[in-house]
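Student: Pasting the sequence and the predicted coordinates here, then a few questions.
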Amino acid sequence: MALFCFGATVAGPAHLREGRPNQDAWSHTAVAAGHVVVVADGMGSRPLADIGAKAACAAVPEALRTWARHGSTDTSLLLGLVHLLWRARLGDHDPAQAATTCLFAFMRNDGSGIAAQLGDGLILLCDDAGVRPLRTRRDDAFANTTEALGVTNAISAWTTVTLDPATRGVLLCTDGVSDDLLPERHHDFATWVEGEIVLQFAQKAAGQLARQHVCLLDEMNLARVEQYFAELLSGWKTDDRRRPEGSRARR
């Protein structure tokens, strides 16, 4: 099956003003007869959050390679490897000072795979039946603190789902996107991403077949989103009667 990945991440205005690094990271890696996309949101209150986020994006592919090489199908072993390899990549740094959330989706070439989430953010699963979140806001509402690498070692803190060939797409977002997205707009958002961004990006990529193209959305609300998401954001914030004329953010 053909696989198309895309992503982006930006430093917010406050980070730029204060000269702080982007504390989020993402990666796309070909691994274990498939591909994995990782999104990590370094916890802003931790001074080494940027290092922790980058380490998570490197640890997940490494864990998948080891997991697949030994023929394991036990998801708990994979997640345990992520914790261990993330900690190893930090070296002498204090894990608590590099805490980061971690979301990833691994899809084999046959369409099977796994999606997993530790901490806040959003994973949307798209198939012929519609669009559904891996976790709901109600799941997060009972947590007093965000679970993250460097905060917990509990495998039970992860939420996972098995992917099958019916899964048409997986969308991973940090809380910079998910916190501003109403649950009833999940379908609109996923459809818009698939129909607008992916199509345009794919058309551009089709003319450059010799290059690899990857794209991902991260912390869009920290950038100047009014310049390119005005209609969509307006649709989220208003009801149908008040939407701007021509808005494409419809059910």
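Tutor: Thanks, I have the structure now.
Student: which residue ranges form the helices in the stretch 51-200 of the chain?
Tutor: Assigned helices in the stretch 51-200 of the chain, in chain order: 75-89, 137-141, 175-178, 186-192, 199-206 (criterion: DSSP state H, counting those that start in this stretch).
Student: Pick out the shakiest of those, pLDDT-wise.
Tutor: Of all these, helix 137-141 carries the lowest average pLDDT, namely a mean of 50.
Student: What is the burial count for the residue nearest to residue 34 when sequence neighbours are not counted?
Tutor: Leaving aside its sequence neighbours, residue 34 sits nearest to residue 108 (CB to CB, 6 or more residues apart in numbering; 3.8 Å). For glycine as for every other residue, the C-beta is placed from the backbone atoms N, C-alpha and C. By other CB atoms under 10 Å, 18 other residues sit near residue 108.
Student: So residue 108 versus residue 163, what's the distance?
Tutor: For residue 108, the distance to residue 163 equals 9 Å [CB to CB, to the nearest Å].
Student: Where does pLDDT dip in this structure?
Tutor: 1-4, 6, 136-145, 178-180, 192-251 (pLDDT under 70).
Student: how about the strands in it?
Tutor: Along the chain, the segments classed as strands by DSSP state E run 24-31, 34-41, 102-108, 113-118, 122-127, 130-133, 159-163, 167-173.
Student: closest one to residue 78 among those?
Tutor: strand 113-118 (7.6 Å; CB to CB).
Student: Name the residues that touch the closest one?
Tutor: 34, 75, 78-79, 101-107, 123, 125, 134-135, 147-149, 157-163, 167, 170 (CB atoms under 8 Å, 6 or more residues apart in numbering).
Student: So how do I select the buried members of those in PyMOL?
Tutor: Selection of buried members from the contacts of strand 113-118 for PyMOL, criterion 16 or more other CB atoms under 10 Å:
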select buried, resi 34+75+78+79+101+102+103+104+105+106+107+123+125+134+135+147+148+149+157+158+159+160+161+163+167+170
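Student: quick one: the residue nearest to residue 187 when sequence neighbours are not counted from residue 170, how far?
Tutor: Nearest in space to residue 187, with sequence neighbours left out and distances taken as CB to CB, 6+ apart, is residue 131 at 4.5 Å. Note on residue 131: its distance to residue 170, by CB to CB, is 11 Å.
Student: what touches both of those two?
Tutor: Joint contacts of residue 131 and residue 170 (CB under 8 Å, 6+ apart) are 124, 125.
Student: re earlier: just confirm the residue nearest to residue 34 contacts residue 32, I think it does.
Tutor: Yes. Using CB atoms under 8 Å, residue 108 makes contact with residue 32 at a distance of 7.4 Å.
Student: ok so, going back, ok, the residue nearest to residue 34 - contacts?
Tutor: Residue 108 makes contact with 32, 33, 34, according to CB under 8 Å, 6+ apart.
Student: Could you dump the residues you listed into TSV with distance to residue 71 added?
Tutor: Converted to TSV, these look like this (distance: CB to CB, whole Å):
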residue	distance to residue 71
32	11
33	12
34	15
